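[1] here is the input, now give the coordinates:
(chains A and B)
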Number of protein chains: 2
Amino acid sequence: MTRTLTRTPAADGFHMPAEYARHAGCWLLWPERPDNWREGARPAQATFAAVAAAIARFEPVTVGVSRGEFTAARAMLPEAVRVVEMAHDDAWMRDVGPTCVVNARGEVRGVDWHFNAWGGLEGGLYFPWDQDELVARKVLEIERLARYRAPLINEGGAIHVDGEGTALVTEECLLNPNRNPTLDRAAIEQALCAYLGVRQVIWLGRGVFNDETGGHIDNLACFARPGLVCLTWTDRKRDPQFAISKDAWERLHAARDARGRPLRVVRLPMPGPLKLSAREARGLVPREGTKPRLPGERLAGSYVNFYIANRGIVMPLLDPRMDALAARRLKGLFPGRTVVGVPAREVLLGGGNIHCITQQIPAGHPSRSTSAR
Amino acid sequence: MTRTLTRTPAADGFHMPAEYARHAGCWLLWPERPDNWREGARPAQATFAAVAAAIARFEPVTVGVSRGEFTAARAMLPEAVRVVEMAHDDAWMRDVGPTCVVNARGEVRGVDWHFNAWGGLEGGLYFPWDQDELVARKVLEIERLARYRAPLINEGGAIHVDGEGTALVTEECLLNPNRNPTLDRAAIEQALCAYLGVRQVIWLGRGVFNDETGGHIDNLACFARPGLVCLTWTDRKRDPQFAISKDAWERLHAARDARGRPLRVVRLPMPGPLKLSAREARGLVPREGTKPRLPGERLAGSYVNFYIANRGIVMPLLDPRMDALAARRLKGLFPGRTVVGVPAREVLLGGGNIHCITQQIPAGHPSRSTSAR
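    Numbering: from 1, shown residues only, chains lettered A, B, ... in the order given. This is a model prediction of the structure:
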């Protein structure tokens, strides 16, 4: 069913819709590797189940689970969630899942990026990543969506779009020589335009401090609607995050989107600073080839790492002193949606948050066209 | 998504439609175990791919493939076939897949039988069968169909229905003490009525000679339409199959279906007799716990083991001297369908044929009713 198409989405009249456009559903993967998820991943699994349940209030949810964990995951997940067998190397569906694109007739197809575990053998987080590399294709098979195989290394968490021609990315990630060393800025922009169907790429500098993905945009900033960007922020000038957010703020104000509009920027306060505790670090089983985690290490916590569901926002709860303020800001940004918070420190301990573990499938229907074969 | 329902299909107004009713699609599994499929299963895989391609001419086809074989299977199967990851112990989707039921409103649900590899530790064909046991559930998850967990050991190949209240089974299989030793004939009939939504069970005696499933009906006889049964037949009186087919013929003529009609019986000639060659036997890798196959062994070849697709019949080609005659008979039995033959000796070597490796999903839609939870 996965027809693999040889042209590009832009050439075929397809573009990536914004996350706030209507979804057919949402996909997640099930965490299990004990070198990344403490205590044999059981606390993380409970959190992923809570996230899946929260999203399932708003749209259909599917969770991909490895063969060995299938029955246990099925028992932990609510009945409303669909569970399918799917091997993976870790549980970051945003990064290993497909980036879906649509055309004016509502046809949906998927972009399958090459994946190298956030840097391959030059700073990547684990080895091997061969099963991650197959996840997007497997999702597209089950959803009966045709597939574009993009000729570059990229992750869903490294890109945001406004759905009206603009992409938002970071230099730290997209220009990192551990992703596409032979492509310069112009070539990356060209590839993003071809595979996301955008006309304008806005470049921020670095991602959230100590973000092990190499500065994913989805932990730093996102569109709340066209012309409106939400940015993680701290007023603590000595925090290394301050300069990063300030630089992003300035670049966003200097930028124009694909329609020539200036951007309004809303600041979301940062939680913490949050650090990995000794007890949490002790719950991990070290493995050769996996980046070790050390007690006291700064965690890249950010409220920007939320998921936009149909009529809902599912946000991480990370810091009792800041959660309510962040939730209020999100309610203001998304007046038509219900904001649901899920305690998500366990996801953060694994290196990301709710946006990183989810991937939406836009509403529409599989493309029947054969003209683009 | 798999709601597991606690009542029975019959109590909820559901029944199993006949195979000749309209399908939403067809599922197969991908053969790989080298103790059952010679030469590392490569010849069988080519045959399964040809069967999938033949059925895909008539209806959507999905093939479940284990993680390790995923990319190889994807490359061997036509693009029109959907490929999904699915662990299994062997490739008999008829027996390990769901038996779907529908109600008057076109809602579809699935029955998930218990499975013990055709006899468990008392004559079963291999050990373990834990992944087979999960296949029906996984298919229902992907298809978003609610699930009945039937409280008895059964296989899809052990039952045929006319879609109008009648089931056709064999005593050899359904009354075998290696399936449900605590259930007598009356209890088995009661369970079939409850889970297939039938009112009448017609019992034949033994299945095809040397059929290692323990006499599955689907290798011996099937309904071609209500009131019309197709029976495998030989005129060779010294063939052990002769007495079996003659007994079935007599029982069928003595029977009445659920609507009180007598049955018309059409004979399909048997291929062969076919035997396992020494070369074929040498291509197998013996494994402890798996029933060994010996050169010279009689193969349970039968043309009755065909698949009824939407507007098509996909039949095994097994014997150049008989294939054309069998195809002509099938054309006569199914005048509205195109008969497609696929050379299928490789499936027979594994212990079954095209009907055994397929399982239809009836047309309709997932049941949204929650009243039966």
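
[2] how near is A:Lys287 to B:Gly215?
    Just to correct that, residue A:287 is Arg rather than Lys. Going from A:Arg287 to B:Gly215 by C-beta to C-beta, to the nearest Å gives 50 Å. Placement of C-beta: from N, CA and C, glycine included.

[3] check A:Val208 too.
    On the measure of C-beta to C-beta, A:Val208 and B:Gly215 end up 65 Å apart.

[4] who's in contact with the residue nearest to A:Arg33 when sequence neighbours are not counted?
    Closest residue in space to A:Arg33, ignoring its immediate chain neighbours: A:Asp90 at 5.8 Å, by C-beta to C-beta, 6 or more residues apart in numbering or on different chains. By C-beta atoms under 8 Å, 6 or more residues apart in numbering or on different chains, A:Asp90 lies in contact with A:29, A:31, A:33, A:36, A:125-126, A:132, A:350.

[5] switch the cut-off to 7 Å
    Going by C-beta atoms under 7 Å, 6 or more residues apart in numbering or on different chains, A:Asp90 touches A:33, A:36, A:126, A:132.

[6] what does chain A have sitting close to chain B?
    Contact residues, chain A versus chain B (C-beta under 7 Å from any C-beta of the partner chain): A:1, A:3, A:67, A:70, A:79, A:81-87, A:134, A:138, A:141-142, A:144.

[7] quick one, helices of the stretch 1-150 of chain A?
    Using DSSP state H, counting those that start in this stretch, the helices found in the stretch 1-150 of chain A span residues A:42-56, A:70-76, A:93-96, A:132-142.

[8] so which of the ones you listed is the most packed in?
    Among those, judged by mean count of other C-beta atoms under 10 Å in any protein chain shown, the one packed with the most neighbours on average is helix A:93-96 (a mean of 28).

[9] you'd agree A:Leu348 is in a helix?
    Yes. Assessed with DSSP: H, G, I helix; E, B strand; the rest coil, A:Leu348 lies in a helix.

[10] coming back round to it: return a ChimeraX selection command for the buried portion of the residues of chain A next to chain B.
    Selecting only the buried entries of the residues of chain A next to chain B in ChimeraX, with 16 or more other C-beta atoms under 10 Å in any protein chain shown as the criterion:
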select /A:1,3,67,70,81,82,83,84,85,86,87,134,138,141,142,144
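
[11] okay, the residue nearest to A:Arg33: pLDDT?
    Predicted confidence (pLDDT) for A:Asp90: 98.

[12] do A:Glu288 as well
    Predicted confidence (pLDDT) for A:Glu288: 89.

[13] next, it: secondary structure please.
    Following three-state DSSP, A:Glu288 is assigned to coil.

[14] and it, how far from A:Tyr126?
    Per C-beta to C-beta, A:Glu288 is found 10 Å from A:Tyr126.

[15] ok, now A:Arg109?
    Counting by C-beta to C-beta, the gap from A:Arg109 to A:Tyr126 is 29 Å.

[16] of those two, who's got more company?
    Legend: neighbour count by other C-beta atoms under 10 Å in any protein chain shown for A:Arg109 and A:Tyr126, higher for A:Arg109 (25 against 18).

[17] which strand residues bridge the more buried one?
    Beta-bridge partners for A:Arg109, by DSSP bridges, are A:Val101, A:Ala146.

[18] thought A:Pro98 was touching it, still the case?
    No. Using C-beta atoms under 7 Å, A:Arg109 is not in contact with A:Pro98, being 8.7 Å away.

[19] ranges for the strands of the stretch 101-250 of chain A?
    In the stretch 101-250 of chain A, the strands defined using DSSP state E, counting those that start in this stretch lie at A:107-114, A:146-153, A:160-161, A:166-170, A:200-204, A:221-225, A:228-233.

[20] tell me the buried residues in stretch A:190-197?
    Of the residues in stretch A:190-197, A:191-197 count as buried by neighbour count, 16+ other C-beta under 10 Å.

[21] dump those residues into CSV; add pLDDT as well.
    Supplementary listing: the buried residues of stretch A:190-197 in CSV, determined by pLDDT from 0 to 100:
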residue, pLDDT
A:Ala191, 98
A:Leu192, 98
A:Cys193, 98
A:Ala194, 98
A:Tyr195, 98
A:Leu196, 98
A:Gly197, 98
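
[22] which one of those is nearest B:Glu297?
    A:Tyr195 (55.5 Å; C-beta to C-beta).

[23] give me the distance between the two termini of stretch A:270-286.
    Stretch A:270-286 stretches 29 Å from its first residue to its last (C-alpha to C-alpha, to the nearest Å).

[24] pick out the residue of the stretch 51-200 of chain A closest to chain B.
    At 3.5 Å from chain B, A:Arg82 is the closest residue in the stretch 51-200 of chain A, using C-beta to the nearest C-beta.

[25] tell me how far that residue lies from B:Arg74.
    22 Å.

[26] for chain A, which spans come out with low pLDDT?
    Scanning chain A for pLDDT under 70 picks out A:1-2, A:368-373.

[27] so A:Thr62 makes contact with A:Gly25?
    Yes. Contact status for A:Thr62 versus A:Gly25: in contact at 6.4 Å, counting by C-beta under 7 Å.

[28] comparing those two, which residue is more hemmed in?
    Per other C-beta under 10 Å, whichever of A:Thr62 and A:Gly25 has more neighbours is A:Thr62, with 26 against 20.

[29] so what's the more buried one up against?
    Contacts for A:Thr62 (C-beta under 7 Å, 6+ apart) come out as A:25, A:27, A:82, A:84.

[30] what's the burial count for the nearest residue to A:Ile244 once chain neighbours are set aside?
    Nearest residue to A:Ile244, sequence neighbours excluded (C-beta to C-beta, 6+ apart): A:Arg206, at 4.9 Å. With neighbours defined by other C-beta under 10 Å, the count for A:Arg206 comes to 20.

[31] what's A:Arg206 in contact with, if anything?
    Residues near A:Arg206 by C-beta under 7 Å, 6+ apart: A:170, A:172, A:215, A:244.

[32] what's the answer for A:Leu228, then?
    Counting by C-beta under 7 Å, 6+ apart, A:Leu228 makes contact with A:264, A:266.

[33] any idea how far apart the tips of stretch A:144-160 sit?
    Stretch A:144-160 has an end-to-end distance of 24 Å (criterion: C-alpha to C-alpha).

[34] look up how far A:Phe58 lies from the closest residue to A:Gly97 other than its chain neighbours.
    Closest residue to A:Gly97 apart from its sequence neighbours, by C-beta to C-beta, 6+ apart: A:Gln359 at 3.6 Å. Using C-beta to C-beta, A:Gln359 is found at 15 Å from A:Phe58.
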